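# need a 3D model of the sequence below.
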Amino acid sequence: MRLEDIQIRDPFVLHDQASGDYWLFGSTDTNIWNGPATGFDTYRSSDLETWHGPIPAFRPAEDFWSHTQYWAPEVHPYEGAFYLLATFTAEGYRRGTQILRAVHPEGPYEPWSNEPVTPREWECLDGTLHVEDGIPYLVFCHEWKDVGDGEIHSVRLTEDLRTTIGEPQLLFRASEAPWARSIPRPEFPQVFVTDGPSMHRTADGRLLMLWSSFGDAGYAMGVATSTSGSIAGPWVQSELPLWPADGGHGMIFTDAGGTLLLTLHTPNRTPDERARFFPLEETPEGLRLRTPAK
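Below you'll find the model as predicted:
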């Protein structure tokens with residue numbers, strides 16, 4: 001298969017150093033918005049061109065609490081295993097990020113945390129793992145559905161990634177980004193979306209965060225920079241989005257040749273969304289696409 005053959009949102013690429021293979025994860029149900037969820041699939045490649053799959057990475061047991069709207073899986077190697085963080089929801093429950101675990105990158109993944117590790121009284125999504133000075137953190141979105149102005153928080157995880165320690169810390173609100181625009185919703189006078197935080201440490205030690213919202217031309221993705229170099233921030237927003245229109249929810253990985261690559265989904269409409277890869281370069285100002293975004 002080629003990337004154009006694979007319907008996927010919220011793409012995430014894991015480069016498995018042991019095998020040299022690349023594993024593509026994402027929201028892979030045909031309709032992620034409604035109806036029963038199948039689970040998550042993954043695709044394997046040795047060259048980022050030809051992909052093999054789909055391979056079932058997660059299928060819920062009958063007693064799993066969520067059976068709809070499975071979103072944005074990420075897979076991180078940690079302490080000798082692979083951990084999948086993904087968004088789940090169910091009628092009568094708040095949306096949240098739960099952690100699953102597997103021995104192999106392709107799975108099968110089984111629930112690791114007993115329940116979502118995001119606050120159960122909040123609507124949350126798109127949790128990602130960030131390890132800083134040996135300490136694991138969850139970075140996640142507190143949805144606009146609760147607060148109007150979407151937020152991104154961090155919270156410390158236990159060393160085994162099963163639960164959290166302490167209270168979430170607010171990192172920033174969506175409206176702080178000059179490029180972010182309010183979208184019309186009846187629940188609040190203004191609604192600013194936060195989606196898909198993804199962390200990146202530059203070669204010179206700066207800590208950056210990709211995240212998505214809506215800009216002048218629709219769904220877009222910008223970059224925030226921690227002025228302290230740590231997860232605590234404070235965080236400063238880019239003036240312009242890195243990806244300005246009709247795509248987003250991206251992450252950064254490095255290929256076997258050392259090239260820095262951005263993956264995101266575009267266009268931002270179902271069922272046409274596809275993963276795409278773009279070479280990136282680090283600049284004193286942050287990140288720059290080698291191929292200009294269109």
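
# every contact and neighbour count from this point should use C-alpha atoms.
Will do.

# what residue ranges in the stretch 151-294 of the chain score low on pLDDT?
Counting by pLDDT under 70, the stretch 151-294 of the chain contains low-confidence ranges at 292-294.

# where along it do the strands fall?
151-157, 164-173, 195-201, 207-215, 218-226, 235-237, 248-254, 260-266, 274-283, 286-289 (DSSP state E, counting those that start in this stretch).

# what's the last one packed up against?
When contacts are defined as 3 or more C-alpha pairs under 8 Å, 6 or more residues apart in numbering; DSSP states H and E, strand 286-289 packs onto strand 218-226, strand 274-283.

# switch to 10 Å and redo it
Applying 3 or more C-alpha pairs under 10 Å, 6 or more residues apart in numbering; DSSP states H and E, we find strand 286-289 packed against strand 207-215, strand 218-226, strand 260-266, strand 274-283.

# nearest to Leu125, of the strands of the stretch 151-294 of the chain?
Smallest distance to Leu125 across the strands of the stretch 151-294 of the chain (C-alpha to C-alpha): 7.6 Å, for strand 195-201.

# pairing partners for the closest one, with directions?
Strand 195-201 sits in its sheet next to strand 207-215 (antiparallel), going by DSSP bridges.

# the strand it pairs with: which residues count as buried?
Within strand 207-215, the residues scored as buried using 16 or more other C-alpha atoms under 10 Å are Leu207, Leu208, Met209, Leu210, Trp211, Ser212, Ser213, Phe214, Gly215.

# ok, now stretch 136-149?
Within stretch 136-149, the residues scored as buried using 16+ other C-alpha under 10 Å are 136-145, 147-149.

# now, which of those sits nearest Thr283?
After measuring the buried residues of stretch 136-149 against Thr283 - C-alpha to C-alpha - the closest member comes out as Val139, at 24.1 Å.

# who does that closest one bridge with?
With DSSP bridges as the criterion, Val139 is bridged to Thr128, Ser154.

# who are the contact partners of it?
Residues in contact with Val139 (C-alpha atoms under 10 Å, 6 or more residues apart in numbering) are 118, 125-130, 152-156, 168-171, 196-199, 209, 231.

# kindly report the same for Glu79.
Listed by C-alpha under 10 Å, 6+ apart, the contact partners of Glu79 are Glu159, Asp160.

# ok, so what distance separates it from Glu151?
The gap separating Glu79 from Glu151 is 30 Å, by C-alpha to C-alpha, to the nearest Å.

# same check on Gly218?
Distance of Gly218 to Glu151, given as C-alpha to C-alpha: 19 Å.

# and for Phe82?
27 Å.

# same check on His76?
Separation of His76 from Glu151 (C-alpha to C-alpha): 23 Å.

# do the same with Arg120
Distance from Arg120 to Glu151, counting by C-alpha to C-alpha: 16 Å.

# which of these two has more neighbours?
Higher neighbour count among Arg120 and Glu151: Glu151, with 24 against 14, using other C-alpha atoms under 10 Å.

# ok, that one touching Asp126?
No. Judged on C-alpha atoms under 10 Å, Glu151 makes no contact with Asp126 at a distance of 11.7 Å.

# shared neighbours, those two?
Counting by C-alpha under 10 Å, 6+ apart, the residues touching both Glu151 and Asp126 are Phe140, Cys141, His142, Glu143, Thr194, Asp195.

# and His200, what are its bridge partners?
Assessed by DSSP bridges, His200 has beta-bridge partners Leu208.

# next, find the distance separating it from Pro234.
His200 is 16 Å from Pro234, by C-alpha to C-alpha.

# more neighbours, these two?
More crowded of His200 and Pro234, by other C-alpha under 10 Å: His200, with 17 against 14.

# thank you, goodbye.
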